[in-house]
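Student: no sequence on this one, just coordinates:
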Ligand SMILES: [Zn+2]
């Protein structure tokens with residue numbers, strides 16, 4: 001729990017960490033095809049995977065799920081984090097502790113962790129050049145490395161990573177893939193309501209109308225025989241229970257590595273990813289709207305671009 005005083009009183013933030021952060025790889029919301037791809041990393045002994053997303057999008061949960069997916073009895077699994085979100089059984093979690101003199105940096109401490117000779121390394125907040133280079137060197141040197149990075153899309157994360165590492169050949173030599181994610185609230189299964197969406201909506205989002213009979217939305221208040229509203233106990237009338245991730249993801253093959261090496265612009269790499277059938281976050285979100293996990297409004301809320309500045313007048317319409 002975090003609290004902070006403000007002119008309006010006090011702001012309180014509650015964070016449930018017991019279940020959320022210890023989910024298994026098949027519980028974080030990956031689509032079956034994505035799960036299959038990431039589960040293959042269990043067999044790999046070297047390479048680097050980037051887990052990206054904006055703040056509070058669940059990237060630490062994904063990092064933990066990927067670390068835990070390796071067999072801890074035959075691998076030495078280590079992490080370096082600025083702060084831990086949960087205790088991971090059988091994983092050696094190192095917390096960054098800057099020295100008083102300022103000589104210990106995150107990168108230097110990562111170097112120390114790597115020297116201990118782990119098989120798998122997780123790096124939380126790999127946000128500076130030196131750390132990124134140490135992570136790449138470890139991946140080249142026969143370690144499986146997972147890093148988290150703050151970014152809004154797969155391509156943005158890759159662009160940031162190339163800048164940090166500073167060498168395209170080192171990036172392409174070690175990089176296995178990139179993911180980017182958001183968290184969506186899941187509709188309450190007890191009270192969600194099916195509805196027939198209009199055709200315009202199907203057209204707008206390029207959904208095959210003949211395949212989708214109904215979408216789901218938050219349930220309306222239910223009245224009993226006496227006309228008294230009966231609240232849904234499962235979701236306390238919020239309409240949602242729990243959250244799930246949606247993932248934009250690319251796993252690199254030799255052609256894509258070549259494209260990353262040679263492309264002058266990020267947009268060229270982006271179109272190569274598209275050609276390799278990478279679905280964007282919105283398309284992944286729609287898959288969960290179509291299968292009834294979430295509501296379309298929830299998807300649009302989560303994927304709305306962050307507001308750049310407050311509205312000038314209350315009358316002004318928001319886009
Ligand atoms: Zn409910």
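Tutor: In hand now; what should we look at? For clarity, every value in this text was computed on a predicted model and none was experimentally measured.

Student: contacting residues for residue 34?
Tutor: Residues in contact with residue 34 (C-beta atoms under 8 Å, 6 or more residues apart in numbering) are 247, 249. Glycine gets a C-beta too; all of them are placed from N, C-alpha and C.

Student: which residue is nearest the centroid of this protein?
Tutor: residue 181 (3.0 Å; C-alpha atoms, centre = their mean).

Student: mind listing the strands for the chain?
Tutor: 2-6, 9-13, 47-53, 77-81, 92-95, 120-123, 144-150, 175-187, 193-195, 215-217, 222-223, 229-230, 240-251 (DSSP state E).

Student: out of those strands, which comes closest to residue 205?
Tutor: strand 215-217 (10.6 Å; C-beta to C-beta).

Student: mind listing residues that contact that closest one?
Tutor: Residues contacting strand 215-217 (C-beta under 8 Å, 6+ apart): 187, 192-197, 289-290, 292, 295-297.

Student: hmm, try it at 10 Å
Tutor: Outside strand 215-217, the residues that touch it by C-beta atoms under 10 Å, 6 or more residues apart in numbering are 187-189, 192-197, 201-202, 207, 239, 286, 289-298.

Student: the ion next: which of those are close?
Tutor: residue 188 (C-beta under 5 Å from the ion).

Student: buried ones among the contacts of strand 215-217?
Tutor: With burial judged by 16 or more other C-beta atoms under 10 Å, the buried subset of the contacts of strand 215-217 is 187-188, 192, 197, 202, 207, 239, 286, 289-290, 293-296, 298.

Student: contacting residues around the residue nearest to the residue nearest to the centre of the chain when sequence neighbours are not counted?
Tutor: Leaving aside its chain neighbours, residue 181 sits nearest to residue 53 (4.4 Å; criterion: C-beta to C-beta, 6 or more residues apart in numbering). By C-beta under 10 Å, 6+ apart, the residues touching residue 53 are 59-60, 62, 148-153, 157, 179-183, 245, 247-248, 281.

Student: 6 Å instead?
Tutor: 59, 180, 181 (C-beta atoms under 6 Å, 6 or more residues apart in numbering).

Student: is it in a bridge, and if so with what?
Tutor: residue 150 (DSSP bridges).

Student: thinking again about what came up before, now the strands of the chain as JSON lines including mean pLDDT?
Tutor: Converted to JSON lines, these look like this (pLDDT from 0 to 100):
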{"stretch": "strand 2-6", "mean pLDDT": "88"}
{"stretch": "strand 9-13", "mean pLDDT": "88"}
{"stretch": "strand 47-53", "mean pLDDT": "98"}
{"stretch": "strand 77-81", "mean pLDDT": "97"}
{"stretch": "strand 92-95", "mean pLDDT": "95"}
{"stretch": "strand 120-123", "mean pLDDT": "98"}
{"stretch": "strand 144-150", "mean pLDDT": "98"}
{"stretch": "strand 175-187", "mean pLDDT": "98"}
{"stretch": "strand 193-195", "mean pLDDT": "93"}
{"stretch": "strand 215-217", "mean pLDDT": "94"}
{"stretch": "strand 222-223", "mean pLDDT": "76"}
{"stretch": "strand 229-230", "mean pLDDT": "83"}
{"stretch": "strand 240-251", "mean pLDDT": "96"}
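
Student: of these, give the one that comes closest to residue 33.
Tutor: The nearest among the strands of the chain, by C-beta to C-beta, is strand 240-251 at 9.2 Å.

Student: which strand residues bridge the residue nearest to the centre of the chain?
Tutor: With DSSP bridges as the rule, residue 181 is bridged to residue 247.

Student: go ahead and confirm it touches residue 247.
Tutor: Yes: proximity of residue 181 to residue 247 meets the contact threshold set by C-beta atoms under 6 Å, at 4.9 Å.

Student: about what we covered before: from the ion, how far off is the residue nearest to the centre of the chain?
Tutor: Distance, residue 181 to the ion, by C-beta to the ion, to the nearest Å: 25 Å.
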